[in-house]
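Colleague: Sequence and predicted model, in that order:
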Amino acid sequence: MDFYYFPASAPCRSVIMTAKALGIDLNMKLLNPMEGEQKKPEFLKLNPQHTIPTLVDDDFSIWESRAILIYLVEKYGQDDSLYPQDPQKKAVVNQRLFFDMGTLFDSFLAAIYPQFKNNTPADPEAMKKVDSAFGHLNTFLEDQDYVAGDTLTIADIAILASVSTFEVVDYDFSPFPNVARWYENAKEVTPGWDENWEGVLIIKNYIEKQRQKE
């Protein structure tokens, strides 16, 4: 399978970790959106939305990271532990995935990304949405070791990719003790964590270089 990715991207890193959990070897194809490589004609044939991550499995092309996670587990998983078949358990995993997409990672894009992309200070109103998202996640994790049940699922992997990316601005997790506890455990039990952290460090190093120029 060809996997078009950029390591600094949290959604790309969630796919890498899921593939590790499944024991799948991906044919990694680096695509740098900063250089506009995602708009080359050959890539547009695979993904007319020109987004990453994009996965190509034989003649089948799929994008949107959470759709890719589900596809990989449903096609290549040895069991349903990462994405349960029970309708209610699956519904909780789906809810957490949609929460990640529409609330948690969305708050990163609105509040954190502009800080290093445009070298601007944090917007207080946008940061309130970050705190609100972490507050909800903290509630989900009350008396829970995982975000969507009793075992590691793709919801944990997707949210781990997002939460770790907030570290690029040293976001303080301590007001959210359930999140902090879950995060430390997730780093230990999630395959591919080291690769995920390498991607986070790319952003941290970029920010540090930007600060040195000031």
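Modeller: Thanks, I have the structure now. Note that this is a predicted model, so its numbers are computed, not measured.

Colleague: As PDB, could you dump the C-alpha coordinates of the helix or strand of the chain with the lowest mean pLDDT?
Modeller: Least confident helix or strand of the chain, by mean pLDDT, DSSP states H and E, is helix 113-117 with a mean of 81. What follows is helix 113-117, C-alpha atoms only, in PDB (Å, rounded to 0.1, in the frame of the first residue of the first chain):
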ATOM      1  CA  TYR A 113      -1.600  26.400  14.300                       C
ATOM      2  CA  PRO A 114      -1.800  30.100  13.600                       C
ATOM      3  CA  GLN A 115       0.700  30.700  16.500                       C
ATOM      4  CA  PHE A 116       3.600  29.100  14.600                       C
ATOM      5  CA  LYS A 117       2.300  29.400  11.100                       C
END
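
Colleague: Now do the buried residues in it.
Modeller: The neighbour-count check on helix 113-117 (16 or more other Cβ atoms under 10 Å) flags 115, 116 as buried. Where you see a C-beta, it was placed from the backbone N, CA and C, and this is true even at glycine.

Colleague: and residue 71, what element?
Modeller: Here residue 71, judged by DSSP states H and E, is contained in helix 65-76.

Colleague: rewinding a little: contacts made by the least confident helix or strand of the chain with the rest, please.
Modeller: If you take Cβ atoms under 8 Å, 6 or more residues apart in numbering as the criterion, helix 113-117 is touched by 120, 121, 122, 123, 126, 168, 169, 203, 206, 207, 210.

Colleague: Look up how far residue 113 lies from the fifth one.
Modeller: Meaning residue 126. Look at residue 126 and residue 113: by Cβ to Cβ, to the nearest Å, they are 10 Å apart.
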